[in-house]
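Got a predicted structure plus its sequence, pasted below:
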Amino acid sequence: MAKVLVVDDEPNIVLSLEFLMQQAGFDVVTAEDGESALARVSEGAPDLVLLDISLPGISGFDVLERLRSDPAHSRLPIIMLTAHGREVEREKGMALGADDYITKPFSTQALVGKVKSLLDEAG
Amino acid sequence: MRTDAVVLTVAFGYLALLFVIAAWGDRRAEQGRSLIGSPTVYALSIAVYCTAWTFYGSVGRAAQFGPSFLLIYLGPTLAMLIAPFVIRKMVRIASAQRITSIADFISARYGKSASLGALVAIIALIGITPYIALQLKAITVSHAVLVNYPLAAEASIADESFWADKSFWVALVLAVFIILFGTRHLDASERHEGMVAAIAFESIIKLVAFLSVGIFTLFVMFNGPGDLFARVAATPELAGALSLDAVPGGATGWVGMLVLAMLAFITLPRQFQVMVVENVDERHIKRASWLFPLYLLAINVLVIPIAMAGMLLMSNGTDPDSFVLTLPLSAGLGGLPLLVFIGGLSAATSMVIVETIALSTMVSNQLVMPLLLRSRLLHLGSRGQLAGWLLGIRRVAIVLILLLGYLYHALIGDSYSLVTIGLVSFAAACQFAPAMLIGMYWRGATRDGAGLGLIAGTLIWAWTLLIPGFAQSGWLDAGFLEQGPWGLEWLRPYALFGLDTLDIYSHSLLWSLSANVGLLVGISLFSRQTPLEQTQAALFTEAMHPGLVQTTLWQGKTTRGELRALLDRYLGAGATARVFAGGPAASVSTAEPPPRDDQPASSALIARAEQALSGALGNASARVLINSLVRGEALDMESILSILDTTSETLEVNRRLEQKSSELARASEELRAANERLRELDRLKDEFVAMVSHELRTPLTSIRAFAEILRDSHALPEEKRVHFLDVVVLESQRLSRLIEEILDLARLESGRLTLEPQRLDLVALARHSVDAVHRLQENRGVVLEVAIEVDRAQVIGDPDRLEQVIINLLDNAGKFADHDAPRVRLRLYRHKTHYRLAVEDNGPGIAEDERERVFEKFHQIQRPGESADKTRGRPRGSGLGLPISRGIIAHLGGRLWVENASFLGGACLVMELPEAPSISSEEAQQE
């Protein structure tokens, strides 16, 4: 069973994502900031990461950058979640190697669809 | 008929008439219908030469020394013969150079030398003062004779105090009259048309008066000339007295006197004034060259008959200088003596008026103004101010000159006859002749030569004529006249180097002019002219052919650096560089190093600089600026006036431009700052909008996610469904609270926040707020301590808003308090004239550098080390509570800040409000 890491500092958003991923049939681990996100990844490699950008401490961009700079996780599917709708941020996320970029509030079905398709691609 | 009152009335009436004529002449000149546009008037004005000395003194001199007096008039006659050449050239030069006086003329010839001008002015002042004294004496004596006849009438001055001395009052009256007459307004050309008209009128009066006496004597007292000469021939001692042998010094005395009179006629300041400065048309000189000698002939033809008659008829004790008056008086006439007195008065006043005006012009233009301008004591802003100063200086000068004349009269007057005093002045004026005449014809005459010649000539004049005069008057020990100073016989004033065969005037003239001319020529041959002097010399000598003269080159007395700085300031660096690059220097081989800035600027470079400046500022200002660098050059008054005109205009324009440009600079600086502020505000607004959108999206995200989950998941357990619905409700509340806060903030920032301030008790409000949050805090397990240390805390505030702030503080404290055993403490206390409400917690506290940032919008305090579990279920702040609270407190005149918690060790937020002013209970009730 594929494992999804949910990273967000909003408890209710984590709650909803956790429920959605479990319902879609994935294992879920959660983190509420950048440091603990990196810790979860090193504890047991997830198959996909839902990563919020504005996090206390190190930001989502930082987490993305660090993961991508590690060869072990260079192909790990990562979907950025952000409440910032600005185009520059999207471009920055994509440039840093995010696989997708989803703006809050999002459609739950679209999100689940994306996660599934990315996991299928990764095989 | 001859009472003092009548005489005074007639005299003042005559002065008033003169004034009317002068005013009329000025008016006509302003209207362009000049009274003096006639050669006859010009010739009559030159007759100012005939002073009281002529009127009374000629007869006196004829009685003492025979026909020698005629030499005083033959000299001018000779001068007038050459006037079409010499005087015309002077007039031509004076009008081209805008000459105002003889001092100005000589100064201009020698490179506009200020020192030379000042020297001439001083010599004129010293030399002419005796002459003015002479006129005062003539007026006083003639008045005394007229009033006291037949008593001996010589006014004795020495034993009277000055206020009893009539000549003192005569001097003062004349001073006032001349001030009214000659300084009514300032004419830059120094022309006084009204004055010239009045002088011409006076010339007629004195001629008519004199001829009347002569005709009366010849045809009434005697039966015509035949009768008179027959009676003289019958008196042996008289016959010899009137022969040519009576001239002192014999034949050389003749020549000396002739030269003296001829030169003085041209160089006396008043003659220069009427002949050169006041000349309105150089064609007038032609008629004057014969009309003026004719006038001299007319006024002299009856001198000898009157002198003979006086000597025949008057007792031995009668002063021959007053024969003109005493003859008709002895005949018992009333009207004729009065006419004679007026004639003498007109002769005296015309001289004093013109001489004093000429001297005062020299004093102001050559002595005082250059000093004032040089010492920069004068900060003249306008031509009007300058005119005021000039007029003031001239008025003071007029009074001083006349007082000086009076002083000389009082000290020396008694011991010299009229003629003697006059000749002393003549000899002084002659000293100007070499510098002036040689300078007009010999281009090589230099300033140094002219100056040293003038000084030497004047010193010799003073030693041989002026000082002996003081000695003979008893003011000095007269011994040195006989033995020479310190026993040096060759220095005897009347027999310098043992030359004792001449009369004192010829003697003085010979030595002083020899020294003067010798030094002028000798030193000129060995000294160099400055370029400006060369130009001026050429302009003077070639005045009749001005086309031959090259343009001015400046004397290079400044350095390249100074010149560069000057140009830089007015033209800018680019134009300055072009001026310096231009000219022949640029084409010189590049191997030669360029001249350094401390090297003197070449005159060609200065000329280029002047040209460049002229283009920007106008000629006159450019000249002033260059002059300010080049230094050492006197400016004539006209130049200063026109410079002031243009410079003050330029300065005004510059000042306005400067003002405008500084206004522009300020405006553009303000614009730039405003623009920056706008950009900053724009950036902040963008940021704010981004943050608002971020903050709104967050609860929306949860709401939408759970709403969709609830919609799509049909088989949700009841417990989960309720939980999710709760989240939706909570997040919706959060969303509305956020919107409310954003609106509050917007109102606060735009100043539209409506507060309803009223007197309230903070104690009650604090308790009420604590009650409001108590339940919630208890639910979260927060221990809330309350320490209210005052009974009442009267402040002015909006109770709802204040409660909002206190609740916000308590709420925040609860959130940031220690997670496991959260404690919050509210303390209300008095601090000086304020009440403070402090809310502290036992959380981690706020780092020093974070303490101000917590009041920034959307600032989220980091809570390191807290796991997601711990924060779960605890709603996050919007980051707007503290900014809003601070805004509200600031609106109420208080402060809100963060400090260390003194009891619980965490963060402590302190709110401070001023105590409300105390009021009576009655007023409190009204509120």
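Happy to help now that I have it. Numbering: from 1, shown residues only, chains lettered A, B, ... in the order given.

Where do the helices of the stretch 251-400 of chain B begin and end?
Along the stretch 251-400 of chain B, the stretches classed as helices by DSSP state H, counting those that start in this stretch are B:269-272, B:284-300, B:303-313, B:323-330, B:335-362, B:369-375, B:383-412.

my read: B:Gly894 touches B:Ala916, true?
No: counting by Cβ atoms under 8 Å, B:Gly894 does not reach B:Ala916; the two are 11.7 Å apart. Placement of C-beta: from N, CA and C, glycine included.

residues shared between the contacts of these two?
Common neighbours of B:Gly894 and B:Ala916, counting by Cβ atoms under 8 Å, 6 or more residues apart in numbering or on different chains, are B:Val795.

so is the closest residue to B:Phe816 other than its chain neighbours in a helix, a strand, or just coil?
Nearest residue to B:Phe816 in three dimensions, chain neighbours excluded: B:Gly843, at 4.1 Å (Cβ to Cβ, 6 or more residues apart in numbering or on different chains). For B:Gly843, the assignment made with DSSP: H, G, I helix; E, B strand; the rest coil gives coil.

Against B:Arg33, how distant is B:Gly843?
Separation of B:Gly843 from B:Arg33 (Cβ to Cβ, to the nearest Å): 106 Å.

now do B:Pro434
41 Å.

Between these two, which is the more surrounded one?
Applying other Cβ atoms under 10 Å in any protein chain shown to B:Pro434 and B:Arg33 shows that B:Pro434 carries more neighbours, namely 26 against 9.

The more buried one: what's it in contact with?
B:Ala450, B:Gly453, B:Leu454, B:Gly457, B:Leu513, B:Asn516, B:Val517, B:Leu520.

Look up phi and psi at it.
Main-chain torsions, B:Pro434, degrees, to the nearest 10: phi -60, psi -50.

Same question for B:Gly797.
When read as degrees, to the nearest 10, the backbone of B:Gly797 gives phi -170, psi 170.

That one is in contact with B:Leu760, isn't it?
Yes: using Cβ under 8 Å, B:Gly797 makes contact with B:Leu760 at a distance of 5.8 Å.

who has more neighbours, those two?
Set side by side, B:Gly797 and B:Leu760 show more neighbours around B:Gly797, with 25 against 19, by other Cβ under 10 Å.

average pLDDT across stretch B:366-381?
Averaging pLDDT along stretch B:366-381 yields 65.

What residues does B:Asp811 make contact with?
By Cβ under 8 Å, 6+ apart, the contact list for B:Asp811 reads B:Val773, B:Leu776, B:Gly881.

how about TSV for those, with secondary structure and distance to chain A added?
Shown next, in TSV, are those (DSSP: H, G, I helix; E, B strand; the rest coil; distance: Cβ to the nearest Cβ, whole Å):
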residue	secondary structure	distance to chain A
B:Val773	helix	22
B:Leu776	helix	18
B:Gly881	helix	18
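
Could you dump those residues into JSON lines and include pLDDT, neighbour count and distance to B:Arg666?
Conversion of those to JSON lines gives the following (pLDDT from 0 to 100; neighbours: other Cβ atoms under 10 Å in any protein chain shown; distance: Cβ to Cβ, whole Å):
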{"residue": "B:Val773", "pLDDT": "86", "neighbour count": "21", "distance to B:Arg666": "53"}
{"residue": "B:Leu776", "pLDDT": "78", "neighbour count": "13", "distance to B:Arg666": "56"}
{"residue": "B:Gly881", "pLDDT": "85", "neighbour count": "20", "distance to B:Arg666": "42"}
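
In JSON lines, list those along with distance to B:Val728.
As requested, these are exported to JSON lines (distance: Cβ to Cβ, whole Å):
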{"residue": "B:Val773", "distance to B:Val728": "25"}
{"residue": "B:Leu776", "distance to B:Val728": "20"}
{"residue": "B:Gly881", "distance to B:Val728": "23"}
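
now, among those residues, which is nearest to B:His723?
Taking Cβ to Cβ as the measure, B:His723 lies nearest B:Leu776 of the contacts of B:Asp811, at 19.7 Å.

what stretches of chain A score poorly on pLDDT?
A:85, A:123 (pLDDT under 70).

How much space separates the residue at minimal distance from the centre of it from chain B?
The residue lying closest to the centre of chain A (Cα atoms, centre = their mean) is A:Leu50, at 1.7 Å. Distance, A:Leu50 to chain B, using Cβ to the nearest Cβ, to the nearest Å: 12 Å.

coming back round to it: what's the PyMOL syntax to select whichever of the contacts of B:Pro434 are buried?
Those of these that count as buried under 16 or more other Cβ atoms under 10 Å in any protein chain shown are selected in PyMOL with:
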select buried, chain B and resi 450+453+454+457+513+516+517+520
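
Secondary structure added to the contacts of B:Pro434, as CSV?
Below are the contacts of B:Pro434 laid out as CSV (three-state DSSP):
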residue, secondary structure
B:Ala450, helix
B:Gly453, helix
B:Leu454, helix
B:Gly457, helix
B:Leu513, helix
B:Asn516, helix
B:Val517, helix
B:Leu520, helix
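
what's the closest of the contacts of B:Pro434 to chain A?
For the contacts of B:Pro434, the closest approach to chain A (Cβ to the nearest Cβ) belongs to B:Ala450, at 88.2 Å.

mind checking pLDDT for the closest residue to that closest one other than its chain neighbours?
Among residues not flanking B:Ala450 along the chain, B:Ala435 sits closest, at 4.1 Å (Cβ to Cβ, 6+ apart). Looking at B:Ala435, its pLDDT is 92.

you'd agree B:Ala435 is up against B:Leu454?
Yes: using Cβ under 8 Å, B:Ala435 makes contact with B:Leu454 at a distance of 5.8 Å.

pLDDT of stretch B:391-410, averaged?
Across stretch B:391-410, pLDDT averages out at 86.

and if you look at stretch B:44-55?
Confidence for stretch B:44-55, expressed as mean pLDDT, is 87.

Distance of B:Gly344 relative to B:Ala63?
Computed as Cβ to Cβ, the B:Gly344 to B:Ala63 distance reads 17 Å.

In contact with the residue lying closest to B:Ala200 once chain neighbours are set aside, which residues?
Nearest residue to B:Ala200, sequence neighbours excluded (Cβ to Cβ, 6+ apart): B:Leu44, at 3.7 Å. Taking Cβ under 8 Å, 6+ apart, we find B:Leu44 in contact with B:Ile199, B:Ala200, B:Phe201, B:Ser203, B:Ile204, B:Tyr295.

Done for today, thanks.
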